[in-house]
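Have a look; sequence and predicted model below, questions after that.
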There are 2 protein chains.
Amino acid sequence: MKHGGDLFQAMETYGGAEEDWLDLSTGINPHAYAVPAGLPPAAWTRLPSQTALKGLLKAARAAYQVPAHLGLAAAPGTQVILPHLPALLPEGSVTIAGPTYSSHGDAWRAAGRQVIETSDIFREGPEGRIALIVTPNNPDGRWHEPQALLKLAGDMQQRGGFLVVDEAFADVEPSRSLLPHLTDEPVLVLRSFGKFFGLAGVRLGFLAGPRLMTDALAQRLESWSVSGPALEVGTLALQDLDWQAAMRKTLTQEMAVLEDGLRAAGLAIRGGTSLYVLAGHPDAARLHQALAQRRIWVRAFDYAPSWLRFGLPGSPEGLARLQQALAEAMASHDEATPC
Amino acid sequence: MKHGGDLFQAMETYGGAEEDWLDLSTGINPHAYAVPAGLPPAAWTRLPSQTALKGLLKAARAAYQVPAHLGLAAAPGTQVILPHLPALLPEGSVTIAGPTYSSHGDAWRAAGRQVIETSDIFREGPEGRIALIVTPNNPDGRWHEPQALLKLAGDMQQRGGFLVVDEAFADVEPSRSLLPHLTDEPVLVLRSFGKFFGLAGVRLGFLAGPRLMTDALAQRLESWSVSGPALEVGTLALQDLDWQAAMRKTLTQEMAVLEDGLRAAGLAIRGGTSLYVLAGHPDAARLHQALAQRRIWVRAFDYAPSWLRFGLPGSPEGLARLQQALAEAMASHDEATPC
């Protein structure tokens, strides 16, 4: 499975309509920021204005703690930014701290770059002139602390290279973001709007870094790539620091309950953030299937057959449904493989 | 002025708030397709689904008369597609039938291509392996008929090249579109959603052509580039063939009235479509300024100082305001330059 979120694939294999499914395959916040009932008509009818874009970037700069000297560009989702990075950054091979979100490697390979994945980029050191790290990492939730990233950025600078840091899930713990620590290092940071705000349909993402690079991206994306509704809703949500603080607490509490439930069902917790948890079980493939047969879709991993990633169910009913399904799946498991 | 629609620039130069201005600088339909009051929450909260994308492409295929054997890809606006074309198409220089919308040349030059602009691509023949034509052309509204375009496509095929046809404004006269005539020619056709449907904030555009090319674009844009609201609203509007037919009549009628008004004010009609009219006046630069001082923003052209392009005012009040402003501007003109 290349992406999370492809419930379509689940429906094709296991049947059921979209509303029958409890989709836990993404790390998207189930408690979405409330979209105003009536957006201004101009958000739909007019070309997105430079004024609205500036307002969005100002709100994003504050929410993400982007230093004033750095550039910031908006795009219709970080996915749209990835294929532009090879043209913005130095030639040569790319070292990715993995395993991680596969779209990064895909984008670089599509541009003809050699991609090296390493499980310990800090010990082994990156090959080539591009290093790429996701923090907190997806799916294991591992954080790379700012000091370690700054040291790596220094190494990249010495070889005329660049460090790309994907902070797609960093909203859950802004105190661990690299962004406020950046001075003039050769670092680009990706931020994703839809996950933490629960508005993945809006399509909105950001690139922060040296102004020359973010300006070049903005030029490549052209003037109006972010939609009027995204400018409107994104600005409101990013400005709402109270909602963000309260949501961090809610997510932390709900994730603790989910982790307890998974442990009680016999799974081991391997990592995660407050938007997804990585669980381990020796028979994960069969569990994945048993959950899917009960119309619960979680994330499985080709490269790690004992892992399953769970997003938050978002309601007591969803949690109860998951726990019931896990209990049934485990019971049938015990019968099938008596020891 | 690079793009139409940059009212921001007008406000910076001439002052006034956005609501003070009558913006006639774009070719966007002032009678927008009505966005439903409450879109399904999932359009905002969920990752745009493959099911919704398929629905959109089906509606677009019918509305745009795209033959079944051709591919069709959606993007968050045609502007986002342009910088990807150089990577999809053969190497070498690009001949553009001009003068036309400047973003095409900009995108190819940014990719390091030589761009040749010619005022008669059919007589002179294109240089290089890429030919690019906008039909109906912007700003003069000139149509290039399917038979002429098919012949040009044949010429391009013989040299291993490609023809790119931008039908951004072709919705106003679908009987003149090249799309239904295409078989296996090396032709890519761009379509724009926001102009005819008056929903430029939605960001939605399409590329039709050989499946290998449209698939490659879809892959480069990644899975979720078109927003959930755009999928929802785009599908509804493209399916609504009755609205489209009625709107064509409305636009034609309103444009006839606008053209009469411009002629009555002393301008010559040089061309256009039912979404914009190209007018000529020896003193166009001063007229442009006089209109701007009255908070009416129209399109001027660096390369053709006697041209002004007017979009539809969209209401009797807007039309009266334009006519009043034109009358005042012409009167002051007569005073300033007595002959």
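Good, I have the coordinates. Being a predicted model, the structure only gives us computed values, none of them experimental. Numbering: from 1, shown residues only, chains lettered A, B, ... in the order given.

Quick check: buried residues in stretch A:216-225?
For stretch A:216-225, a neighbour-count test (16 or more other Cβ atoms under 10 Å in any protein chain shown) marks A:216-218, A:220-225 as buried. In short, each C-beta sits where N, CA and C put it, glycine included.

how about the helix ranked longest in chain A: buried residues?
If you go by DSSP state H, chain A has its longest helix at helix A:241-264. Neighbour counts over helix A:241-264 (16+ other Cβ under 10 Å) mark A:243-244, A:247-248, A:251, A:254-255, A:258-259, A:261-262 as buried.

ok, now stretch A:285-296?
Buried positions in stretch A:285-296, judged by neighbour count with 16+ other Cβ under 10 Å: A:287-288, A:290-292, A:294-296.

what sits up against that stretch?
With contacts defined as Cβ atoms under 8 Å, 6 or more residues apart in numbering or on different chains, stretch A:285-296 is touched by A:10, A:13-14, A:16, A:20-22, A:24, A:281, A:297-298, A:300, A:305, A:308, A:321-322, A:325-326, A:328-330, A:332-333.

Stretch A:310-317 vs chain B: in contact?
No: contact of stretch A:310-317 with chain B is not found when judged by Cβ under 8 Å from any Cβ of the partner chain; the minimum separation is 10.2 Å.

CA-only coordinates of that stretch, as CSV, when you get a sec.
Taking C-alpha atoms only, stretch A:310-317 is exported to CSV below (Å, rounded to 0.1, in the frame of the first residue of the first chain):
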residue,chain,number,x,y,z
PHE,A,310,-3.9,2.8,14.0
GLY,A,311,-5.4,6.3,13.7
LEU,A,312,-7.7,7.6,16.4
PRO,A,313,-11.3,6.3,16.2
GLY,A,314,-12.6,9.8,17.2
SER,A,315,-15.6,8.6,19.3
PRO,A,316,-16.3,6.2,22.1
GLU,A,317,-18.5,4.2,19.7
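
any idea how far the residue positioned nearest the centre of chain A lies from residue A:177?
In chain A, the C-alpha nearest the mean C-alpha coordinate belongs to residue A:168, at 3.9 Å (Cα atoms, centre = their mean). Note on residue A:168: its distance to residue A:177, by Cβ to Cβ, to the nearest Å, is 12 Å.

Could you tell me how many residues sit around residue A:18?
15 (other Cβ atoms under 10 Å in any protein chain shown).

Quick check: it vs chain B, distance?
In this view, residue A:18 and chain B are 7 Å apart by Cβ to the nearest Cβ, to the nearest Å.

Now do the same contact list for the nearest residue to residue A:130 once chain neighbours are set aside.
Leaving aside its chain neighbours, residue A:130 sits nearest to residue A:94 (4.2 Å; criterion: Cβ to Cβ, 6 or more residues apart in numbering or on different chains). Applying Cβ under 8 Å, 6+ apart, we find residue A:94 in contact with A:105, A:108, A:113-116, A:128, A:130-132.

same question, residue A:126
Going by Cβ under 8 Å, 6+ apart, residue A:126 touches A:95, A:116, A:118, A:152, A:155-156, A:161.

go on, residue A:241?
So residue A:241 contacts A:62-63 (Cβ under 8 Å, 6+ apart).

Near chain B, which residues of the stretch 101-250 of chain A? Just list them.
A:103, A:110, A:194, A:198-203, A:219-230, A:233.

Mark which of the residues you listed are part of helices, please.
Per DSSP H, helices hold the following members of those: A:103, A:110, A:194, A:219-221, A:228-230, A:233.

Adding pLDDT, write those out as a markdown table.
What follows is those, written out as a markdown table (pLDDT from 0 to 100):
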| residue | pLDDT |
| --- | --- |
| A:103 | 91 |
| A:110 | 88 |
| A:194 | 97 |
| A:219 | 87 |
| A:220 | 84 |
| A:221 | 83 |
| A:228 | 96 |
| A:229 | 96 |
| A:230 | 97 |
| A:233 | 98 |
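
if we can go back for a sec, let me have the buried residues of helix A:241-264 in CSV, adding pLDDT as columns.
Shown next, in CSV, are the buried residues of helix A:241-264 (pLDDT from 0 to 100):
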residue, pLDDT
A:243, 98
A:244, 98
A:247, 98
A:248, 98
A:251, 98
A:254, 98
A:255, 98
A:258, 98
A:259, 98
A:261, 97
A:262, 98
